[in-house]
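[1] dropping a prediction and its sequence here:
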Amino acid sequence: MAIIPITIYGDKILREKTKKVKQVDDEVIQNIRDMFETMRAAHGIGLAANQVGLNKSIFVIDLTPVEGYEESSPLVMINPVITAESDDSVIYEEGCLSLPNLRADVERAEAIEIKYLDTDEKEQIIEADDWMARVILHEYDHLIGKMIPDRVAQDIKKRLKGELTDIMNRNMDVDYPITD
């Protein structure tokens with residue numbers, strides 16, 4: 001396994017829609033292992049493939065560091081599709097490994113249904129709410145080229161402009177490897 005530098009705001013791949021995985025082969029399995037290792041080394045709870053420079057529709061989640069989710073199982077979602085979102089939404093502060101040190105309140109659906117392939121290429125459908133729904137929606141956004149600044153009100157985006165510029169210019173402290 002390997003820790004891969006994380007792409008950060010300004011890196012082109014973060015704004016591209018990822019490509020579907022055609023086959024879960026040894027390379028994809030190794031990518032997933034590396035993504036988990038990279039995410040955990042950076043103290044994250046979710047990571048999309050394009051956040052490590054891979055143009056693949058995959059994300060990994062491990063909520064075990066979150067209170068109340070210590071017994072949850074890590075998840076791998078390949079070619080995910082959000083099939084339903086609740087009308088009720090919740091605003092909560094989010095961070096992102098591709099936006100080091102930046103935090104912002106983001107409104108997201110309180111509950112979702114998502115369809116995806118697991119690593120055995122079997123279709124799964126789950127319903128998620130609370131933190132799990134939020135993390136899934138956050139990582140799913142990465143796969144469609146969206147990030148936190150795209151999900152906040154215009155006044156908040158203006159307030160974040162200086163921090164976003166610093167991140168693009170790599171003018172910030174971070175304790176995990178990022179792209180050059």
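    Sure, I can see it.
[2] so the residue most central in space within the chain, which state does it fall into?
    Taking Cα atoms, centre = their mean, the centroid of the chain lies closest to Glu139, which sits 2.8 Å from it. Recorded secondary structure, Glu139: helix (DSSP: H, G, I helix; E, B strand; the rest coil).
[3] excluding chain neighbours, give the residue nearest to it in space.
    Of all residues not flanking Glu139 in the chain, Phe59 sits nearest, at 3.8 Å (Cβ to Cβ, 6 or more residues apart in numbering). Where you see a C-beta, it was placed from the backbone N, CA and C, and this is true even at glycine.
[4] I'd like to know which elements whichever helix or strand that neighbour is part of is packed against.
    Secondary structure assigned from DSSP states H and E places Phe59 in strand 58-61. If you count contacts as 3 or more Cβ pairs under 8 Å, 6 or more residues apart in numbering; DSSP states H and E, strand 58-61 packs onto helix 26-41, strand 46-48, strand 75-85, helix 130-143.
[5] right, and Asp173 touches Asn101 too?
    Yes. Using Cβ atoms under 8 Å, Asp173 makes contact with Asn101 at a distance of 7.4 Å.
[6] out of those two, which sits in the more crowded spot?
    Taking other Cβ atoms under 10 Å, Asp173 and Asn101 do not tie; Asn101 has more neighbours (11 against 6).
[7] retrieve the pLDDT associated with the more buried one.
    Per-residue confidence (pLDDT) for Asn101: 94.
[8] for the nearest residue to Ala133 once chain neighbours are set aside, what are phi and psi?
    Spatial nearest neighbour of Ala133, chain neighbours left out: Ile112 (4.7 Å); criterion: Cβ to Cβ, 6+ apart. Dihedral pair for Ile112: phi -140, psi 170, per degrees, to the nearest 10.
[9] and for Ile112, the neighbour number?
    Other residues near Ile112 number 21, with proximity taken as other Cβ under 10 Å.
[10] ditto for Glu110
    14.
[11] so it makes contact with Asp88?
    Yes. Between Glu110 and Asp88 a contact is recorded at 4.4 Å, counting by Cβ under 8 Å.
[12] just to revisit the earlier point, quick one: contacts for the residue nearest to the centre of the chain?
    Glu139 makes contact with 46-48, 59, 61, 77, according to Cβ atoms under 8 Å, 6 or more residues apart in numbering.
[13] out of those residues, who's nearest Ile13?
    Nearest to Ile13 among the contacts of Glu139 is Ala48, at 10.2 Å by Cβ to Cβ.
[14] and the gap between the closest one and Met77?
    Distance, Ala48 to Met77, by Cβ to Cβ, to the nearest Å: 10 Å.
[15] before we move on, what about Ile8?
    22 Å.
[16] more neighbours: which of these two?
    It is Met77, of Ile8 and Met77, that has more neighbours when counted by other Cβ under 10 Å, with 25 against 20.
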